[in-house]
Structure formats: C-alpha cells, structure tokens
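> Build me a model:
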Amino acid sequence: MRLQLMLGRVTAWLRRKGWIRQRGDRYDSFAALASEQPNGAFSIETADRGSTITIMANHGGKIEPGTSSLAKRIAGDTFNYYSFSGQKTRHNWDLHITSTAFDEPVALSLASRSAVVVTLHGCMGRGAIAYTGGDNVELRQQLEAGLKRAGVKSRPHPIFHGCGNHNICNWGQQGGLQLELTPRLRLWPFAWRKRRVLVDRVRKVLGDSDNLDG
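As a prediction, this is how the structure comes out:
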C-alpha cells in the first residue's frame with residue numbers, strides 16, 4: 001500500500017514536469033508545433049556521417065529523458081545521429097509528436113537516405129527492460145537475444161509495436177528498429193552497466209549485419 005502511494009506521487013510529479021505520457025499529443029505535425037512554440041523550446045542536433053544506418057531520438061531531451069544521450073552513444077562516430085530535444089522548464093510533453101506523424105524535415109531527409117533507422121523512446125514499466133519494435137524482424141530478434149545473453153531483459157512491446165511505413169523508424173529501405181526503454185533502464189543511476197550493455201549490443205548487431213548496404 002505504501003509502495004503504491006509512493007508510485008502514485010512519483011507519477012503525478014512526472015506528469016507535472018511533462019516527462020511522461022499525457023492524454024494524446026498537442027500537435028500532429030512539426031509545422032504546427034514550430035508555429036506555436038517559443039524560441040528555445042526545442043533543439044535539433046544532427047550528424048550525417050554518410051552511413052547507411054541512422055540512430056534517432058525523435059522524442060529526446062526532456063520529452064523522454066535519457067533517449068538523446070543513449071542515441072548519441074550508440075551512433076558514436078560511426079552512424080548518423082539525430083535528436084529532436086525538448087528544452088522547456090516544464091510541459092515538454094507538449095513537444096511530443098507521435099512517430100507515425102513525426103515529419104520534421106531534417107529527420108525525414110536523413111531517414112529516407114538510410115537503409116535502417118533505429119529510434120530510441122522512453123516508456124513506462126517496471127524493471128530495466130528494452131522493449132523492441134519496428135519492421136526489421138531480424139534485427140529485433142538478434143538484439144533481443146544479445147541483450148538477454150548479457151543479462152538485460154528484452155522483448156517486443158505489447159502496445160508500441162513500431163510497425164508500418166508511417167512510423168519514421170521504418171523509413172529506411174530495410175525497415176527499422178524501435179526501442180522503448182523503461183525509466184529504470186534509461187534513467188536509474190545504478191543501471192549504468194545495463195545501459196553500457198545496451199549501447200554495445202545495439203552497435204554490435206548493426207555492425208555485424210550483412211544486409212545494410214542500402
């Protein structure tokens with residue numbers, strides 16, 4: 001009972017901060033968002049390294065905290081990198097555009113030139129879990145197996161499947177990979193080893209794949 005009360009208070013605090021999902025999205029396009037939000041509400045960081053693989057945090061910064069830094073670590077100096085980051089003091093969830101409607105021009109251009117796009121998201125859930133989704137089933141299965149062998153729980157997300165060509169993770173020529181990461185995996189200080197495993201395993205799966213030539 002005490003634990004439920006504590007979780008309720010934490011959830012309410014996260015909602016006030018705009019760090020977890022509210023009722024739907026405020027905007028259904030980047031143009032609508034950009035026309036209303038003040039300067040400095042968000043930032044876009046990108047690195048086009050000419051790779052056939054792009055790593056994205058399209059709900060980065062304070063929208064789904066922890067995803068931008070992990071995407072940047074996975075990209076390293078090898079893969080293309082993109083982050084749309086919320087920078088507001090609060091109510092960053094207002095900047096959330098669902099992945100099937102995310103149409104920021106730089107992101108679309110980078111994704112459409114890629115063989116595979118990997119998107120990182122934050123989701124709610126107990127434990128340190130890396131949920132998978134996206135149309136590239138082979139990559140999903142390889143990553144799940146690799147993470148499990150290394151002691152990180154991974155399985156398909158029961159709701160956010162990340163499937164279909166409207167989802168930006170599938171704009172690459174060979175389908176994509178969508179990762180939904182729980183707070184305990186992406187934010188908990190003592191989960192740093194599991195985050196390192198996640199970064200290493202994603203990079204290994206992408207590096208070992210033989211069919212990512214575009």
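> rest of the way, CA atoms for contacts and neighbours
Will do.
> Spit out the contact partners of the residue lying closest to Ile74 once chain neighbours are set aside.
Excluding the flanking residues, the one nearest Ile74 by CA to CA, 6 or more residues apart in numbering is Val199, at 5.2 Å. Going by CA atoms under 8 Å, 6 or more residues apart in numbering, Val199 touches 70, 73-74.
> for those, which one is nearest Glu144?
Nearest to Glu144 among the contacts of Val199, counting by CA to CA, is Ile74 at 16.1 Å.
> Could you check the pLDDT of the residue minimising distance to the centre of the chain?
Centroid-nearest residue in the chain, with CA atoms, centre = their mean: Leu120, separated by 1.6 Å. As predicted, Leu120 sits at a pLDDT of 98.
> Now do the nearest residue to Pro183 once chain neighbours are set aside, the pLDDT please.
Nearest non-adjacent residue to Pro183, counting by CA to CA, 6+ apart: Met124, 6.5 Å away. If you check Met124, the pLDDT there is 91.
> Kindly report the same for Leu7.
Looking at Leu7, its pLDDT reads 58.
> re earlier: inside helices: which ones of the contacts of Val199?
Those of those mapping onto helices are 70, 73-74, per DSSP state H.
> and the contacts of Val199 as TSV, adding distance to Asn167 and pLDDT?
Shown next, in TSV, are these (distance: CA to CA, whole Å; pLDDT from 0 to 100):
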residue	distance to Asn167	pLDDT
Leu70	20	98
Arg73	23	98
Ile74	20	98
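> If you rank those residues by neighbours, which is first?
Comparing those by number of neighbours (other CA atoms under 10 Å), Ile74 comes first, having 26 neighbours.
> That one and Pro158, how far apart?
24 Å (CA to CA, to the nearest Å).
> And for Ala115?
26 Å.
> Same drill for the two, tell me which one is more crowded.
When neighbours are counted by other CA under 10 Å, Ala115 and Pro158 differ, and Ala115 comes out ahead with 21 against 9.
> Right, I'll call it a day here.
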